[in-house]
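Enquirer: Let me see the structure of the following:
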Amino acid sequence: TYVFLTASFSLRIEGEPDEYGQPQPAVYGLNTGYKDDAIVTNSVVTPADEFDGLRRACTGWSLADEQGGPITSATTASATFTMTTNMVLTWHWTNEYELAVNPSSGGNVTTYKNGWYTNDFVVTDILAEPASGRFFAGWTGPGVPTGKEFENPITLVMDRPRIFSPVFGVIGGQDKTWNGTSRWEDTDAWTPSGVPATNDRIIVNSGKLILGTSRSVSSMTVNKNATLSFTNSVSLHADNGILVYTNALITIEGPFDDEQEASKIHLTGSSLNLQAGGKILADACGYIASTNDGFGLGKGFAGGSGGGHGGKGGDRSGLIFGGDAYDEPSAPVLPGSSGGGVEPTSFSGSGGGVIRIDVGQLYLDGIISANGEGAPVTGTGAGAGGSVYITCNHFYGSGSISVKGGNARSNGGGGAGGRIAVDYNTMDSNNSVTYSASAGTSLVNGYIRAINPSFLAPPGLGTLWLSKSDGWLTPVWDRFKSVVLHAGSDTNLTLPSLYMTNCIVNVASGYGLDVRGDVLIASNSHLLVSGDPGITISSNLHLHGGQFYIMESSDFHIKGDAFITNGAQFHVVSRVPDEDRGFGTLAKISGRVEIAKDSWIYPQSDRDTGGSTHWFVGALRIAEGGGINAVGRGYIGGFPTDGSGPGYGDGASNRGGGGAYGGKGGWGYWNGWRNEGGESYGEAENPVEAGSGGGGAGPARAGGGSGGGLVWIESGRDVTVHGLITSTGGKGGYDSGSGSGGGIKITTVRFHGDGTGRPEADGGDAYSTETGPGGGGRIAVFYRFNEFEGSMSVEPGGSGPDYVGLGSPEKAPTEGTIYIKQLEPDPCFFIFF
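Expert: Numbering: from 1, shown residues only. Take a look at the predicted model:
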């Protein structure tokens, strides 16, 4: 008996460019069981898959064997063929788009060409004709091609659905009132019905009006409890001005990622009147939050660092650095970046959005805000502030502008401040608008991270740019809440006097302050001046509970007295040393310097070069409980390398060595001697160098302690020390060496102080009994008359290895030097300023 087997073939059905429609009776995919010479018919219904103005039209089919060899084809929607092998049937499709020009009151479209058109078909001469008393005001709707809003007749390329309608305006304009919660094109939400024309007066009476296309109108009024919301990068122009009432809101749809077009609020026209209680808000409407790296040019990084914009974003514990600063201070147009998140589900904060205002008259009594979002959960990064860019002819008001960075929670990085720019011709003399571009707080284990010598940087303030210096030339600075000052082309600002209360101002590098009268910096206020030309105060400095920072200036001069009281802080960060004069910054205070209880001067040496500040003062008096603090403000400790400075402690592996200056640094020990301590350097009688840093431990360990800074004072009269002058070395971090004591040099006519007075330059204590302590520093005092009853100390750091018990006392840190000398009588001993 013989059995004859009949061949069985397969038919794969595909779609090109995709599987549109529904082939019948066989469907898309692999179909099997076809006998040899079987006749197959397969069909599709065309058009198919219609949705939202788009459908698919079949342009035919093609048949091939399974290797791709062509068999036959046709331009029909039904295929019939005989199976002789395994085959592939492909249905070919193209897009068809709907053209729907809808009618509108006030006129007609005389050449309607509505229907469906294949991709890239050109439709010509669609003509709108207004009725009597009306005029053609443009086309409106999502299908109007960009740049053709006012073309009549209009020609279209059908590369997308085109659904729109004409707008016929009333000659002379009319009031158009909105009561709805949808987009501008919703004709039924307007009274009278229909989309407004360019000469209409718009009243947003209630609900929410969404603007997704740029519009031009006669005027715009946003009433109490109503909202105007921008989406996409569009603008609103009002020939006769924009009025925003109390409790009214202009806002933005967002936030967005790198692939999306960022929305912005863009207002132009003859005027903007933002009444008290009215708001223009783009908070958290910049780059969107993330559970990984953030978004934007200054994105925070995965693990939880802060987003950057006007300043750098805050670092996160574990050395995850914050996002970079970007954008132009004088013309900011970019959103704030989001912070870094933590996978899989911990989101960061979003950045602030963009607000652009270009008007003739600006009356700002309300709130303009583009703040970054705070971190919503522990350990993630916060978003940076956004941009507010204003150009106007006249500037009035008493409102506020804010681009604050978001706050972080425990261990996360705070968001940087954003950018504010106001380019104006004249500012009203009663203008009292406040500005804030504050950085968000960064917290580590619950403590706010302040300026410190660690490797983790807090987020930076944002910037405020004013086109003319008169915006700053006011004797009371209570309007500038937290900003970096940019003053247009005026690089040196002259003030009659300066009183700061409840504000934080950083004067950007390249700008200088020349204050002809007194400067008073009250509690909760900070003034920072960086670079040159720096600051000159022609009268007195009253640092009354505030904080004053001079950063890397070549010199500064206070021609009167300096009073540091009520818990005030005076920080001076030296520039790199000048080769000719041998020090970094020259500080001149012609009168007396009074440092009260709980008040401090903090001299900071350059951490890489050791450049330090040389102080010339008329007289100095330090009260008990106050003083000069240069602890750990010398050469920086290593991370995870050798420390810095001539007497650096060795690092790079576990148990770092201590730094040296007047005394040598201690070795580190762990199952044997590890990193060496530094060797002493300098001169006992001329201690004008900073202390050296300890060696850092291996990767993932904390850094070495920094050396003590340099306190170098020359006085033409008295130096009275009832408090503390300290240049002790910094304590090393985990498994790292500590810094050496720094230098203290005092030259004066009369050296005075009771038993509470104490200059000290001790070495930094060891982190553990295995790490190297710092060596002692150096103190030298030159005087004509000595009435000092206090104590001095240059002891090495303690708490290190048991050097004697381990049989190597020579590896222990040693004390520094104290040099005291009475000057010979000299009738010419005084200091010129």
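Enquirer: For the protein, name the helix or strand with the lowest mean pLDDT.
Expert: strand 447-448 (a mean of 34; mean pLDDT, DSSP states H and E).
Enquirer: which stretches of the stretch 551-700 of the chain have low pLDDT?
Expert: 699-700 (pLDDT under 70).
Enquirer: whoops, I mixed them up, the chain
Expert: The chain contains residues with pLDDT under 70 at 1-6, 442-456, 473, 488-490, 699-701, 826-833.
Enquirer: Relative to the top strand by length along it, what are the paired strands and their orientations?
Expert: Taking DSSP state E as the criterion, the chain has its longest strand at strand 87-101. Here strand 87-101 has these sheet partners by DSSP bridges: strand 8-16 (parallel), strand 54-65 (antiparallel), strand 115-118 (antiparallel), strand 162-170 (parallel).
Enquirer: Dump those to a markdown table, plus distance to residue 533.
Expert: Quick note: C-beta positions are derived from backbone N, CA and C, even for glycine. A markdown table is the format used below for the strands paired with strand 87-101 (distance: least, CB to CB, whole Å):
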| stretch | distance to residue 533 |
| --- | --- |
| strand 8-16 | 70 |
| strand 54-65 | 64 |
| strand 115-118 | 67 |
| strand 162-170 | 57 |
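Enquirer: Show me the one of the ones you listed that comes nearest residue 274.
Expert: Proximity to residue 274 (CB to CB) singles out strand 162-170 among these, at 27.6 Å.
Enquirer: residues in contact with that closest one?
Expert: For strand 162-170, contacts defined as CB atoms under 8 Å, 6 or more residues apart in numbering pick out 53, 97-107, 109, 123, 128, 130-131, 133-144, 152, 156, 187, 194-200.
Enquirer: Identify the bridge partners of residue 281.
Expert: Bridge pairing for residue 281 (DSSP bridges) gives the partners residue 369.
Enquirer: so it makes contact with residue 253?
Expert: No: if you go by CB atoms under 8 Å, residue 281 and residue 253 don't touch, sitting 11.9 Å apart.
Enquirer: neighbour count winner among those two?
Expert: residue 281 (21 against 15; other CB atoms under 10 Å).
Enquirer: And for residue 256, the neighbour number?
Expert: Around residue 256 there are 20 residues (other CB under 10 Å).
Enquirer: surely it meets residue 287?
Expert: Yes: counting by CB under 8 Å, residue 256 touches residue 287, with 6.7 Å between them.
Enquirer: what's the overlap in contacts for those two?
Expert: Listed as contacting both residue 256 and residue 287 by CB under 8 Å, 6+ apart are 262, 295, 335.
Enquirer: And the residues you listed, which is closest to residue 750?
Expert: Residue 750 lies nearest to residue 335 out of these, by CB to CB, at 60.3 Å.
Enquirer: where's the closest one relative to residue 390, distance?
Expert: Plainly put, residue 335 is 17 Å away from residue 390 if you go by CB to CB, to the nearest Å.
Enquirer: what does residue 535 give?
Expert: 28 Å.
Enquirer: and what of residue 429?
Expert: Distance from residue 429 to residue 390, by CB to CB: 19 Å.
Enquirer: Over to residue 618?
Expert: Noted for residue 618: a distance of 46 Å to residue 390, by CB to CB.
Enquirer: What of residue 80?
Expert: The separation that residue 80 has from residue 390, given CB to CB, amounts to 71 Å.
Enquirer: Neighbour count: those two, which is higher?
Expert: Between residue 80 and residue 390, counted using other CB under 10 Å, the more crowded position is residue 390 (22 against 11).
Enquirer: residue contacts, that one?
Expert: 356-358, 362, 401, 421-424.
Enquirer: Wait, a strand at it?
Expert: Yes: per DSSP: H, G, I helix; E, B strand; the rest coil, residue 390 lies within a strand segment.
Enquirer: let's have the chain start at 46 instead
Expert: With 46 as the first residue, the last one maps to residue 435.
Enquirer: Okay, and the beta partners of it?
Expert: residue 402, residue 467.
Enquirer: same deal with residue 117?
Expert: Where residue 117 sits in a bridge, its partners, by DSSP bridges, are residue 108.
Enquirer: Now that it has come up, it's in contact with residue 126, right?
Expert: Yes: counting by CB under 8 Å, residue 117 touches residue 126, with 6.6 Å between them.
Enquirer: joint contacts of those two?
Expert: residue 108.
Enquirer: neighbour-wise, which of the two wins?
Expert: The residue with more neighbours, out of residue 117 and residue 126, is residue 126; 18 against 10, by other CB under 10 Å.
Enquirer: The more buried one against residue 85, yeah?
Expert: Yes: taking CB under 8 Å as the definition, residue 126 is a contact partner of residue 85 at 5.9 Å.
Enquirer: Next, show the common contact partners of the two.
Expert: Joint contacts of residue 126 and residue 85 (CB under 8 Å, 6+ apart) do not exist.
Enquirer: any chance you could map the strands in the stretch 196-345 of the chain?
Expert: 199-203, 207-215, 220-225, 235-236, 246-256, 260-262, 264-267, 272-275, 281-283, 287-289, 294-297, 310-319, 324-326 (DSSP state E, counting those that start in this stretch).
Enquirer: Distance to residue 351 for these - can I get that in JSON lines?
Expert: Below are the strands of the stretch 196-345 of the chain laid out as JSON lines (distance: least, CB to CB, whole Å):
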{"stretch": "strand 199-203", "distance to residue 351": "46"}
{"stretch": "strand 207-215", "distance to residue 351": "44"}
{"stretch": "strand 220-225", "distance to residue 351": "39"}
{"stretch": "strand 235-236", "distance to residue 351": "44"}
{"stretch": "strand 246-256", "distance to residue 351": "31"}
{"stretch": "strand 260-262", "distance to residue 351": "37"}
{"stretch": "strand 264-267", "distance to residue 351": "34"}
{"stretch": "strand 272-275", "distance to residue 351": "27"}
{"stretch": "strand 281-283", "distance to residue 351": "33"}
{"stretch": "strand 287-289", "distance to residue 351": "32"}
{"stretch": "strand 294-297", "distance to residue 351": "22"}
{"stretch": "strand 310-319", "distance to residue 351": "24"}
{"stretch": "strand 324-326", "distance to residue 351": "21"}
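Enquirer: Nearest to residue 369 among those strands would be which one?
Expert: Comparing those by CB to CB, strand 294-297 comes nearest, at 24.2 Å.
Enquirer: hang on, the earlier thing: among the contacts of residue 435, which one lies nearest to residue 798?
Expert: Once CB to CB is applied, the member of the contacts of residue 435 that ends up nearest residue 798 is residue 446, at 49.5 Å.
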